[in-house]
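Peer 1: Fold the following and give me the result.
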Amino acid sequence: MAIVAGVDFGTLSVRVTLLSGEKGRLGTASAEYPLARRREDPDYATQSHADQMQALIRATHQVLAESNVRGEDVAAIALDTTGSSVIPVDTQLQPLDDYYLWCDHRAHQEARQITELALAEDLEAIHWCGNVYSHEWGFAKLLHWLRHNPQKRERFATALEHCDMVAATLTGVTDPAKVKRSICAMGHKWMWNPKWGGLPPQSFLSKVDPLFDGIREKLGGEYLASDSVSGQLTERWAAQMGLRPGIPIPVGAFDAHWDAIGAGCRAGDVVNVVGTSTCIIAMARKPELVPGVCGVVPGSVHPGYTGIEAGLSATGDIFEAIARRAGVKVSELARGLEAYRAGQTGLLRLTWDNGDRTVLVNPELGGVTFGWNLLHTAQDELFSAIEGTAFHTRIILDRMAEHGVPVERVINAGGIPQNNSVLNQIYANVFNKPVLVPDGTPTSLGSGIFALLAAGDFKTIEEAQKNICLPYRTYTPEPKAVAVYNQLFPLYRKAYFALGQSSAQAIPLGDILPDLRKIAASARA
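Peer 2: Numbers count the residues shown, from 1 in each chain. Coordinates of the predicted model:
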């Protein structure tokens, strides 16, 4: 069987994995690149395309050397990326600026305008992305860039999602009209859907802002699922990466979507890809509209199903921030958490430190912790933050189930579950469902699966999953902890909707603090 390369561009590094359909993973290497942040503007987050491509070269050479694989033996390469990470380019597809990374939240005003007009005009597309257009998504970020870069507007030709930009670069595409665009990226973040002929009407976009005049045509190209080939690796990039020119590169997708495939996702599963943020991915046999989710898109996760995406704007980032304020590493702060019992801290933490991605879609929220006393520690806060991310995830899973999306199995994928058994057990207890965790690192296995399809080694995703995906470790709900979390969750849910929406009806919250004390005292007894 062929050897292929699966590439995963994350927030801070790119991972390249070599694998074969017969032996599975042969080796993995990664290379870092900087993330530009501004203390005076916490919404700012950008990244350089050139930095990312140089990191891809380094990681590819490293994994070839460490795996003792010849570059000429690699038969295909597939790539997934963060999203929505948007880059404006000129007529030659040269960057006019850095990527607005997925975690760049400057476009909340633009997102609000798009949402208000779409709802006022009953635009069908807005209902397919949960009735709210997010500040994390493409049109909002592009409009923010156009408004704040008047000196570059004349050179602007189009904007690309990260996965499409990398594929175009590697395949030598320099004409915006010839770009192959991922329906995963464009469906979930740009309101594309074949049901209404692609992108929203130009009349709507121009009404949002005249700066969008002609933008529908500029976002042209061919829209394809990931079972299609984007192009072939050019001689230039093959030489730099140490690979054979002409190998196929399938149409890319978002990292969480392919991580779900690599974690063994099937219809009826929900995959929590837990990393710096959490992406929650489901597959359904038929489209089900779910208010507040990040999109319902045919063919986005698996070309044969409808993909559904939701998530948390920060998870691992919150854990890191708590540890940073305490002056230690997360790994140090986490030592001893396994001895904690459900609810014992008396803290209830709303994990809005980076806003709310789903189901409120509100970037203007901040973290809230109920129940502090003079003896609480940073470790107590870390434990309550893990509980808080589990409660928030349960709100999303409940919303999906309420609207007809089956939640038969829950899989925790991504980097954090591999090294945090406490988190996995808390999630099982909060959901009152078994949580499956791949027994090994599933990251970039999804991109490897699509590379194997492009190389012709497998005919279907399911056939490739059977050969490539890892076995699971299972975390089973603990009845005593489940009982405690069934007391805490209604308090969390009430505070979540009362504080997270400016239009929320007034409700009494006076029971939260006394109930937290009672639950904590009972847990410690």
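Peer 1: where's the nearest residue to residue 52 once chain neighbours are set aside relative to residue 435, distance?
Peer 2: Once flanking residues are discounted, residue 52 sits nearest to residue 33: 5.4 Å by C-beta to C-beta, 6 or more residues apart in numbering. Heads up, the C-betas are built off the backbone N, CA and C, glycines and all. Per C-beta to C-beta, to the nearest Å, residue 33 is found 32 Å from residue 435.
Peer 1: neighbour-wise, which of those two wins?
Peer 2: Each of residue 33 and residue 435 has its neighbours counted (other C-beta atoms under 10 Å); residue 435 has more, 26 against 21.
Peer 1: I figured the more buried one hits residue 428, correct?
Peer 2: Yes. Using C-beta atoms under 8 Å, residue 435 is in contact with residue 428, at 4.2 Å.
Peer 1: Report the set of residues contacting both of the two.
Peer 2: Taking C-beta atoms under 8 Å, 6 or more residues apart in numbering as the criterion, residue 435 and residue 428 both touch residue 475.
Peer 1: residues of stretch 354-364 that come out buried?
Peer 2: By 16 or more other C-beta atoms under 10 Å, the buried positions in stretch 354-364 come out as 354-363.
Peer 1: Next: stretch 158-173.
Peer 2: Buried residues in stretch 158-173, counted by 16+ other C-beta under 10 Å: 158-171, 173.
Peer 1: so of the residues you listed, which ones are in strands?
Peer 2: For the buried residues of stretch 158-173, membership in strands holds for 158-161, with DSSP state E as the criterion.
Peer 1: so what's the most centrally placed residue in the chain up against?
Peer 2: Against the mean C-alpha coordinate of the chain, by C-alpha atoms, centre = their mean, the closest residue is residue 279 at 4.1 Å. Applying C-beta under 8 Å, 6+ apart to residue 279 gives the contacts 254-257, 259, 272-273, 309-311, 414.
Peer 1: How about residue 235?
Peer 2: By C-beta under 8 Å, 6+ apart, residue 235 lies in contact with residue 245.
Peer 1: How about the one 5 residues further on?
Peer 2: With contact set as C-beta under 8 Å, 6+ apart, residue 240 has these partners: residue 57.
Peer 1: Which SSE is immediately downstream of the helix or strand hosting it?
Peer 2: Taking DSSP states H and E as the definition, residue 240 sits inside helix 235-241. Remark: after helix 235-241, the chain's next helix or strand is strand 248-250, criterion DSSP H and E.
Peer 1: now that next one, how far from the centre of its chain.
Peer 2: The chain centroid and the centroid of strand 248-250 are separated by 22 Å under C-alpha atoms, centre = their mean, to the nearest Å.
Peer 1: so what strands line up beside it?
Peer 2: strand 229-232 (antiparallel) (DSSP bridges).
Peer 1: so what does the helix or strand of the chain with the lowest mean pLDDT touch, helix or strand wise?
Peer 2: Here the helix or strand of the chain ranked lowest by mean pLDDT, DSSP states H and E is strand 296-298, holding a mean of 89. Contact partners of strand 296-298 among helices and strands, from 3 or more C-beta pairs under 8 Å, 6 or more residues apart in numbering; DSSP states H and E: helix 183-189, strand 306-312.
Peer 1: Comparing these, which stretch has the densest surroundings?
Peer 2: Comparing the helices and strands packed on strand 296-298 by mean neighbour count (mean count of other C-beta atoms under 10 Å), helix 183-189 comes out on top with a mean of 28.
Peer 1: and the lengthiest helix in the chain, what other elements does it pack with?
Peer 2: If you go by DSSP state H, the chain has its longest helix at helix 378-402. In this structure, helix 378-402 packs against strand 269-274, strand 278-284, strand 306-312, helix 316-326, helix 330-333, strand 348-350, helix 421-431, helix 479-499, with contacts taken as 3+ C-beta pairs under 8 Å, 6+ apart.
Peer 1: try 6 Å
Peer 2: Contacts defined by 3 or more C-beta pairs under 6 Å, 6 or more residues apart in numbering; DSSP states H and E place helix 378-402 against helix 316-326, strand 348-350, helix 421-431.
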